[in-house]
Each structure stands twice: as structure tokens, then as C-alpha cells.
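In: task: produce atomic coordinates for the following.
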Amino acid sequence: MQTRTLVLVVVASLSQAGCRLAAPGPIDVAPPEPLAAQVVGVSGEIEFHRDGALDDAPGADPTVLTMAAAVEAAVRNDPGLQQALARWRSARAASEESRFLPNPLISLGLGFAGFTLPDLKVSVGITQEIAAYLQRPRRAAAADDRLRAAAEDALVAALDSVAEVRERYVSIQSIQSQMPVLQARRDILAKLRDFEQLKVDRGEAVRADVTVLEAERASISVDLAEREAELREGRVALARLVGRPSSAAAWSLDAVGGLPAAVGDERAWIATALSRRPEIRALGWELAALGEERALIGTWFWEDSSVGADAEYDEGLALGAGVEFPLRLRDPSSARDAAAAAAEAELRHRITETRRRVIEDVRTAWAAQDSARRTLAVLSTELLPLLERRRAEVETTFRAGESDVVALLLADQALQEVRARRIELEGRAVLARIRLERAAGGSDIAVVAESAPQSASHESHDGGEPR
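Out: Prediction:
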């Protein structure tokens, strides 16, 4: 009986060892939280929360909400980013699991030569899949590549969150800056209407002139009402983005900053975008994973095959080895290879599509900022000085008694209209810069994310075979 017990102990030990053989290298993919924080420019590390957050993040509303505070609050409270971080953890678990072999199978047989205990025959066997040993390195590599792709997806979520909150913040700033100018224009039109009404009362003008001014003033009132609605909508949206959708959103925002720097060379922005966009890198890692899985096709012959050891105790202990494999009636490798090649081809076309959209995004945003800056330069250096000079000249003639107040008010009206247009152009330029930075893969902070595999990036253009 001691020998029988020894056989069972040896088989059980082999079973545990077979499940936890050394994996083909440890996982070397860093968590995305610190990198995401660095890329979007927030201090500290972004924390992953396993439990869902409250509708409104805890804490009191600040009196003043700066752009930096809004960005940090948005990144730390963004449920979309939390979902991406959860998917990364799921991919890491899959990567860890790919390093283990499947559980070996143990068989136990009892035979009786008679009906007495001494005649009992015990046979014990343990088998392990052969293909599992051969496929484990490739499967682990594919799982690691998908883990890297999940980390890139987390960066995409962080960059999207930052770009959205920055755009919303700047839009609110622009609307707030435009409203006083619109109110000034409305006040000027009200004064013009009053003067025209006096002329009508004295019989020096017709009622139609008053009607025109009243219609213009009502039009500006409609514009103001629309801006107020846009402002409320923008503040509600910003409150949601910073994690407090129920907030009164009554914070004061920073004043509109100066114009962003000149856009520089368009080709340089495109080159930067193609190398920095995490969407492209994620697809590169996915293509690399498909290449690893395609290489597994060569091990098809060993699928469902197993190797094992048998031990039998009768009058003594007998040990032996055995191999089991199915009868191969067909070769599935060609069909599998065709399916894998088609999947890789589809992904290569997705990479091409993504790269083209990246180029389009960069060129569109680059052109938008360049156009806004050019228009703003003409307005600021030519049109606005002319209108300011005209207004000063009209005021001089008015004070000399050579013109009436109507001419002065009309000059004021034209000047305020151009000032409103300048504020709008400044907002457009800033928004275009935000979109340009997002199209290029983030803000001016250097992206130090792990580069996509060279083979994957190269294959997306030359159509070569995967590694």
C-alpha cells in the first residue's frame, strides 16, 4: 500500500507542475495610468476605481475653475477612461493566463483479479496536450501585443477627454467675451432708434428708418438670447465633463488667453501625428498579435495530441509512457492560413484608413488655425485700425459741431461689430489649435509611449507577411 500511495503522490505532483511550468518571459507592459497622466499633463497618477462612481464627484464647487483644474477633474472623473483602464486589466489577466499550460488529465484505474484486497490492481496515468507546449510562446506574445493595444486605447480615451473639456472651456470663454460687445451694439442701436424717432416726430425723417433700426436691434437681441442658451448648455456640458453634472456651474472661468503660436510646417505636424497617435499604434499591436496567431497554424498537426506517463501496481510497480494523437483525415492549415491572411489584410486596410483620417484631421485643423490667424491678422492690422481712426475722426467733427450724433453712433456700431468678429476669430483659432494638437496625438507634452512594432508599421504599407 505504501507503493501505491507513493505513485499517487508522484502523479499529483506532476499535475501541479504541469499547470505552472515557467512561462516564456514575464509581462513587460507598464500600466497606462502614469503614462496617461503624463501625456495629458496632470499631476500624479490617474487612479483606477473598481466601483462605479457617484453621479456627482465629492467635494465643493470651486469659485474659479481654471483650464488646468477642469482638465484634471475631467481626466480623473471620466467614466470612459475608467472603462478603458478596466479593459486593460482584463487584457492583462488574459496575458497572464496565456502563460499557463492547460491542466493535465489524470486517469485512475482499479482492477480486481479476485474479490480480496490483496488482488487489487491499481493503474494511474497522467497526460498533457502536446500542442499546449508548442503554442504557449506564440499565444503569450499575442496576448502581450493585445495588452499593449489596450494601453494605447486608454491613452486615446484620456486624450479625447482632455480635448473635449478644452474645447468646451474655450467655447464658453468665447461666448462670454462676445456678449458684452453684442450688448454694446444693441445699446448703440437703441440710441440711434431714439434719435431717428425724434426726427420722425419733427417731420425730418420717415418711419421706415426707425423700423430698420428696431429690426436690427431685435436681431441682436435674438443673437444675445442664442448666446445665453449656448452658454447655459456649455456650462452644463462642462459640469458633466468635470464629473459634477448636477452642479450649478456658476464658476468663474479664466479670461480668454492670447492667440496660440503659429502652426508651423504642415508636413511636420503630419509626421508627428503619424508617429504619436495611439490609435495607429493600437492597430499596429493588433496586427502583430494576428501575426503571432497565424504562426500557430504550423502546429496544427499536434492539436488534440497528448503525451503522458502510466504507472501500474500489481505485484510490483511498473512504469511506462504513451502518446495519443487523432487520425488526421484532412489538413486544415490552408483554410486557416487563408482566414488569417484575410484578417491581416482587413487590419492593414484599417491602418491605412486610420492613417489617412489622421492626415485629414491634421490638415483640416492646421488649415482652420492658419485661416483664422490670417483673417485675424488682416482684421487687427488693417480693418480695426481704420475703423478706430474713422470713429476718432467722426468724434472730432462731432465735437466741432460739423456732424450729428448719428454719424458718431454709426461709427461706434461698425467698430463694435468688428470687435465682436475679432473675438469670434480668436476663439476659432484657439479651438483649431486644440483640435490640431489632438490630431497630432496630444498637447505639446512629449509622448513617451512605447513605439509600435516596426514590422507591423512596415507591413501596413508594403503588404509584407507578418512576422
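
In: straight-line length of stretch 232-249, end to end?
Out: 9 Å (Cα to Cα, to the nearest Å).

In: now that stretch: buried residues?
Out: G234, R235, A237, L238, A239, R240, L241, V242, G243, R244, S247, A249 (16 or more other Cβ atoms under 10 Å). Quick note: C-beta positions are derived from backbone N, CA and C, even for glycine.

In: show me what contacts D404?
Out: F195, F398 (Cβ atoms under 8 Å, 6 or more residues apart in numbering).

In: dihedrals phi and psi, G308?
Out: Main-chain dihedrals, G308, degrees, to the nearest 10: phi -160, psi -180.

In: secondary structure class for the residue nearest to it when sequence neighbours are not counted?
Out: Nearest non-adjacent residue to G308, counting by Cβ to Cβ, 6 or more residues apart in numbering: T127, 3.2 Å away. Under DSSP: H, G, I helix; E, B strand; the rest coil, T127 falls in the strand class.

In: same check on P26?
Out: Look at P26: counting by three-state DSSP, its state is coil.

In: could you do D310 as well?
Out: Taken by three-state DSSP, the conformation at D310 corresponds to strand.

In: correct me if wrong: Q183 contacts L224.
Out: Yes. Between Q183 and L224 there is a contact under Cβ atoms under 8 Å: 6.7 Å.

In: where exactly do the helices run in the stretch 151-300 of the chain?
Out: 207-241, 266-276, 278-295 (DSSP state H, counting those that start in this stretch).

In: tell me which of these sits most buried.
Out: Ranked by mean neighbour count, these are led by helix 278-295 with a mean of 23 (mean count of other Cβ atoms under 10 Å).

In: quick one, that helix and helix 266-276 angle?
Out: Inter-element angle recorded for helix 278-295 and helix 266-276: 50 degrees (by axes from the mean of the first three to the mean of the last three Cα atoms, to 10 degrees).

In: send me helix 278-295 as PDB with only the CA atoms.
Out: Presented in PDB, the C-alpha positions along helix 278-295 are these (Å, rounded to 0.1, in the frame of the first residue of the first chain):
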ATOM      1  CA  PRO A 278      -2.100  55.900 -30.100                       C
ATOM      2  CA  GLU A 279      -4.900  54.800 -32.500                       C
ATOM      3  CA  ILE A 280      -2.300  53.900 -35.100                       C
ATOM      4  CA  ARG A 281      -0.100  52.200 -32.500                       C
ATOM      5  CA  ALA A 282      -3.000  50.200 -31.100                       C
ATOM      6  CA  LEU A 283      -3.800  48.800 -34.600                       C
ATOM      7  CA  GLY A 284      -0.100  48.000 -35.100                       C
ATOM      8  CA  TRP A 285      -0.100  45.900 -31.900                       C
ATOM      9  CA  GLU A 286      -3.300  44.200 -33.000                       C
ATOM     10  CA  LEU A 287      -1.600  43.300 -36.400                       C
ATOM     11  CA  ALA A 288       1.400  41.900 -34.500                       C
ATOM     12  CA  ALA A 289      -1.000  39.800 -32.400                       C
ATOM     13  CA  LEU A 290      -2.600  38.400 -35.600                       C
ATOM     14  CA  GLY A 291       0.900  37.600 -36.900                       C
ATOM     15  CA  GLU A 292       1.700  35.600 -33.700                       C
ATOM     16  CA  GLU A 293      -1.600  33.700 -34.100                       C
ATOM     17  CA  ARG A 294      -1.000  33.000 -37.700                       C
ATOM     18  CA  ALA A 295       2.300  31.300 -36.800                       C
END
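
In: tell me how far the residue nearest to G308 lies from P326.
Out: 14 Å (Cβ to Cβ, to the nearest Å).

In: point to the helix or strand of this protein where mean pLDDT is at its lowest.
Out: helix 454-462 (a mean of 42; mean pLDDT, DSSP states H and E).

In: ok, Q173 touching G427?
Out: Yes. The pair Q173 and G427 passes the contact test of Cβ under 8 Å, sitting 7.1 Å apart.

In: I figured A365 hits L431, correct?
Out: No. Using Cβ under 8 Å, A365 is not in contact with L431; the gap is 9.0 Å.
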